[in-house]
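A.B. asks: no sequence for this one, just the structure:
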């Protein structure tokens with residue numbers, strides 16, 4: 001089944017075929033077995049000596065977790081904390097827990113941790129075992145840990161849970177994998193501390209988040225220009241993220257004529273991926289750009305985004321973290 005049909009089933013009008021619906025109980029069983037030892041008390045989530053904030057989602061694909069993590073790092077730092085970030089390092093080759101240096105290799109540590117480290121300069125650790133990786137942060141003066149994409153991982157005890165949803169696509173058809181995009185039932189939202197709605201129209205109880213990207217940064221030199229300066233031009237737009245159409249739409253909103261190049265999420269970027277045989281500018285997401293900086297050309301630009309969030313939400317997260325640290 002191709003990606004286009006999956007998109008129609010999960011987020012469009014096409015009904016999930018019987019054989020996909022039949023696989024849902026198997027998915028439920030696999031999830032139950034994976035977390036069974038924690039559910040019955042044979043294993044216990046590991047507790048850190050500092051508060052843990054988990055950021056994740058219920059659905060497959062990009063919802064804006066990484067910009068939110070970066071925004072939380074900045075907000076907590078402004079409120080007197082010394083945050084660090086732990087991630088599995090999806091897409092990287094690292095097998096052992098490790099701390100990222102000042103020039104992390106996305107191929108080793110994963111593109112999202114590399115981006116977070118480059119943008120925030122706070123300690124970032126990756127590892128398949130989140131507790132082992134998170135403990136590496138404690139020796140770096142970290143007094144609050146943000147776990148990137150950890151809602152479905154019970155190994156680390158958490159003090160605050162934040163779920164990010166795509167405000168436009170929301171939860172699609174509301175079905176569990178593979179008949180729908182959900183990793184967990186929607187009832188899981190009742191146990192979440194904060195729900196963040198990225199784009200679209202936030203509903204009651206949700207915190208609205210808006211991603212703003214209004215500049216383009218050159219990859220091959222120290223230069224930037226307003227994104228609006230590309231208005232009226234044709235450009236190649238490259239996005240290897242969970243929801244590429246969001247990026248393409250943001251460029252069109254600035255009056256840019258977009259030639260779309262959607263790639264799989266966490267795609268390992270290579271020069272051939274950006275060789276289009278013409279001199280048009282190439283605009284890409286920052287997540288893709290971290291994998292291109294070593295061989296980028298003068299026509300390659302990235303569009304960094306920043307998350308705008310209600311101050312009351314950021315204050316609320318900081319208050320729960322502060323309470324947990326006492």
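C.D. replies: Great, that's in hand. Just so it is clear, the structure is predicted and the values come from calculations on it, not from any experiment. Numbers count the residues shown, from 1 in each chain.
A.B. asks: Just the buried residues of stretch 283-295, please?
C.D. replies: 283, 284, 285, 286, 287, 288, 289, 290, 291, 292 (16 or more other Cβ atoms under 10 Å). C-betas here are computed from N, CA, C, even on glycine.
A.B. asks: can you check stretch 233-242 too?
C.D. replies: Per 16+ other Cβ under 10 Å, stretch 233-242 contains these buried residues: 235, 236, 237, 238, 239, 240, 241, 242.
A.B. asks: How about stretch 178-198?
C.D. replies: 178-184, 192, 194-198.
A.B. asks: Could you dump those residues into CSV and include pLDDT and distance to residue 3?
C.D. replies: Output for these, formatted as CSV (pLDDT from 0 to 100; distance: Cβ to Cβ, whole Å):
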residue, pLDDT, distance to residue 3
178, 95, 13
179, 95, 16
180, 95, 15
181, 95, 12
182, 96, 18
183, 94, 18
184, 94, 22
192, 97, 29
194, 98, 31
195, 98, 27
196, 98, 26
197, 97, 25
198, 95, 21
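A.B. asks: Need the residues that contact the lengthiest helix in the chain.
C.D. replies: For the chain, the longest helix by residue count, based on DSSP state H, is helix 18-39. Helix 18-39 has contacts (Cβ atoms under 8 Å, 6 or more residues apart in numbering) with 9, 42-45, 152, 154-155, 175-179, 184.
A.B. asks: quick one: least confident of the residues you listed?
C.D. replies: Minimum pLDDT across the contacts of helix 18-39 is recorded for residue 42, with 77.
A.B. asks: Compute the number of surrounding residues for that residue.
C.D. replies: Residues near residue 42, counting by other Cβ atoms under 10 Å, number 8.
A.B. asks: which SSE is it in?
C.D. replies: Using DSSP states H and E, residue 42 falls within no helix or strand.
A.B. asks: With residue 165 instead?
C.D. replies: Counting by DSSP H and E, residue 165 is found in strand 160-166.
A.B. asks: Quick one: distance of stretch 316-326 to the chain centre.
C.D. replies: 23 Å (Cα atoms, centre = their mean, to the nearest Å).
A.B. asks: Looking at that stretch now, give me its mean pLDDT.
C.D. replies: Rounded mean pLDDT across stretch 316-326 is 94.
A.B. asks: sorry, back to before: need the buried residues of stretch 233-242 in JSON lines (columns: secondary structure, distance to residue 15 and pLDDT).
C.D. replies: Shown next, in JSON lines, are the buried residues of stretch 233-242 (DSSP: H, G, I helix; E, B strand; the rest coil; distance: Cβ to Cβ, whole Å; pLDDT from 0 to 100):
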{"residue": "235", "secondary structure": "strand", "distance to residue 15": "37", "pLDDT": "98"}
{"residue": "236", "secondary structure": "strand", "distance to residue 15": "36", "pLDDT": "98"}
{"residue": "237", "secondary structure": "strand", "distance to residue 15": "32", "pLDDT": "98"}
{"residue": "238", "secondary structure": "strand", "distance to residue 15": "33", "pLDDT": "97"}
{"residue": "239", "secondary structure": "strand", "distance to residue 15": "29", "pLDDT": "95"}
{"residue": "240", "secondary structure": "coil", "distance to residue 15": "30", "pLDDT": "92"}
{"residue": "241", "secondary structure": "coil", "distance to residue 15": "27", "pLDDT": "89"}
{"residue": "242", "secondary structure": "coil", "distance to residue 15": "23", "pLDDT": "84"}
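A.B. asks: hmm, back to that, so can I have CSV of the buried residues of stretch 283-295 showing distance to residue 317 and pLDDT?
C.D. replies: Formatted as CSV, the buried residues of stretch 283-295 follow (distance: Cβ to Cβ, whole Å; pLDDT from 0 to 100):
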residue, distance to residue 317, pLDDT
283, 32, 98
284, 30, 98
285, 25, 96
286, 23, 95
287, 23, 94
288, 28, 95
289, 28, 96
290, 26, 95
291, 30, 95
292, 33, 95
